[in-house]
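In: With the input below, show me the fold.
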Amino acid sequence: MDLQISRPGLVAPVAIDPTGRTGPTAGQARGPRWCRVGPNSYVPRDCPDTVMQRIVEAVGSMPPGSAATGWAALHWLGARWFDGVRPDGTPLPVPIAVGDRHAARRRDGVTVSEDWLFADDIIVVDGLPITTPARSVTYEARVATDEIATVRVIDMAAYDDLASLAEIRAYTARLISRPGKRRLERATDLADENAWSPMEVTMRIFWQRHRNRPLLCNQPVFDLTGSHLFTPDLIDVAGGVAGEYNGSVHDTGPRRSRDLTREELTRRLGIEVVTMMGGRGEERRFRHRLDGAYERAGADRIRRWTTQQPPWWVDTSTVARRRALSPADRERWLGHRRTGQDRRETA
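Out: Got it, this is the predicted structure:
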């Protein structure tokens, strides 16, 4: 496929050209300066080794009409949490949608999706054909490994406002007899547009599996005069229990100091905070800590806090509200999410 990539630093694959003008000659292609990335598709060997370059090479080596989908399309659109690597750091294969009218040979580093494509499924962004966000999210969610992974895909796409739950539901309704559709529908019902990290999603699912309580994601807490106090990862408002994921970035330094200050604050407010860590077997340990938090929260306490937002606060809890922000307000109210520490440890 002939690509006209407009992003600087990326190189589209080229075919062998006997004249050597638009691509390597057959002899040059066999030499040390060129690398084969697909059938009759070559890039200079000194191309950047980046996720975006891998995506360009994967799409460029496919038949015309193909497009990046799944995590690769979302990454191309700037999605923070779709970085193209597994938890162990190895690269994920690039998912390519070829539709049901093309035959494409499997090869290393590429996953071929032959699900049919709707007429409006493919868009071109900076010279690269990709599937629309709703199609990319629903594909990635349908092929995810389990329920938690499926919900994570939906929540983390919403984090960057690439797809709302309403848009995902509308697209899902168009999918007839697609594998994974029922799990996608169940996951959408469990999804939330205001989760800020994958591990928050895991904690929420663990919590709701153990205690089916209404939970709010990143709900700001205020004192009774309307001053903002803190924003926990999760909170059961009626139960007076909040949840925080504690990754390795919390262990030392200024972050640990802020955590200790928050612990003192929540004690004075009468909010029980339960912490989830990373690591194997954490779900069982988290359930035990959660039970203890509810037992302590059950005591008669005077509440010195509220989740009712004061007039000056701007609610950014939904995709629609965030999309409506001006650039200046977006920086003011959402900039902390971009500059905050990543919390990518897995449970």
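In: Which residue ranges of the stretch 1-150 of the chain form helices?
Out: Counting by DSSP state H, counting those that start in this stretch, the stretch 1-150 of the chain has these helices, from start to end: 26-29, 51-60, 70-76, 133-142, 147-159.
In: what residues does the second one touch?
Out: Yep, that's helix 51-60 we're talking about. Contacts to helix 51-60, defined as Cβ atoms under 8 Å, 6 or more residues apart in numbering, come from residues 1, 3, 5, 7, 10-13, 37-38, 41, 43, 47, 66-68, 72, 75-76, 83-85, 91, 94, 96, 109-110, 128-129. Every C-beta, even on glycine, is put in place using the N, C-alpha and C of the backbone.
In: likewise the shortest one?
Out: The contact list for helix 26-29, computed with Cβ under 8 Å, 6+ apart, reads Ile16, Pro18, Gly20, Gly23, Trp34, Arg36, Tyr42.
In: Can you name the residues that contact the nearest residue to the fourth one once chain neighbours are set aside?
Out: For Gly23, the nearest residue in space outside its immediate sequence neighbours is Val14; the separation is 3.6 Å by Cβ to Cβ, 6 or more residues apart in numbering. The neighbours of Val14, taking Cβ under 8 Å, 6+ apart as the test, are Thr22, Gly23, Pro24, Ser41, Tyr42, Val43.
In: One more: Phe118?
Out: Residues counted as contacts of Phe118 (Cβ under 8 Å, 6+ apart) are Arg135, Arg174.
In: Can you go through the contacts of helix 26-29 and name the buried ones?
Out: By neighbour count, with 16 or more other Cβ atoms under 10 Å, the contacts of helix 26-29 hold Ile16, Gly23, Trp34, Tyr42 as buried.
In: possible to save the residues you listed as a markdown table with pLDDT and distance to Met199?
Out: Listed next are those as a markdown table, based on pLDDT from 0 to 100; distance: Cβ to Cβ, whole Å:
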| residue | pLDDT | distance to Met199 |
| --- | --- | --- |
| Ile16 | 96 | 47 |
| Gly23 | 95 | 45 |
| Trp34 | 97 | 42 |
| Tyr42 | 96 | 41 |
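In: In strands only, show me those.
Out: Members of these lying in strands (criterion: DSSP state E): Trp34, Tyr42.
In: tell me which strands and helices the helix or strand containing Thr275 is in contact with?
Out: Element membership for Thr275, per DSSP states H and E: strand 272-276. Using 3 or more Cβ pairs under 8 Å, 6 or more residues apart in numbering; DSSP states H and E, the elements in contact with strand 272-276 are helix 198-210, strand 241-245, helix 253-269, helix 282-297.
In: which of these sits most buried?
Out: Compared across the helices and strands packed on strand 272-276, strand 241-245 shows the largest average neighbour count, a mean of 24 (mean count of other Cβ atoms under 10 Å).
In: Taking their axis directions, that strand and helix 282-297 sit at what angle?
Out: Using axes from the mean of the first three to the mean of the last three Cα atoms, to 10 degrees, the direction of strand 241-245 lies 150 degrees away from that of helix 282-297.
In: on contacts alone, who are the packing partners of strand 241-245?
Out: Contacting strand 241-245 under the criterion 3+ Cβ pairs under 8 Å, 6+ apart are the following elements: helix 198-210, strand 234-236, strand 272-276, helix 282-297.
In: got those as CSV, with mean pLDDT and distance to Leu190 columns?
Out: Shown next, in CSV, are these (pLDDT from 0 to 100; distance: least, Cβ to Cβ, whole Å):
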stretch, mean pLDDT, distance to Leu190
helix 198-210, 97, 7
strand 234-236, 97, 13
strand 272-276, 94, 17
helix 282-297, 94, 16
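In: who's in contact with the nearest residue to Val124 once chain neighbours are set aside?
Out: Counting by Cβ to Cβ, 6+ apart, Val124 lies nearest to Ile130, which is 7.6 Å off, once chain neighbours are set aside. Residues near Ile130 by Cβ under 8 Å, 6+ apart: Ala67, Ala68, Thr69, Ala72, Ala73, Trp76, Leu77, Ile122, Ile123, Val124, Ser136.
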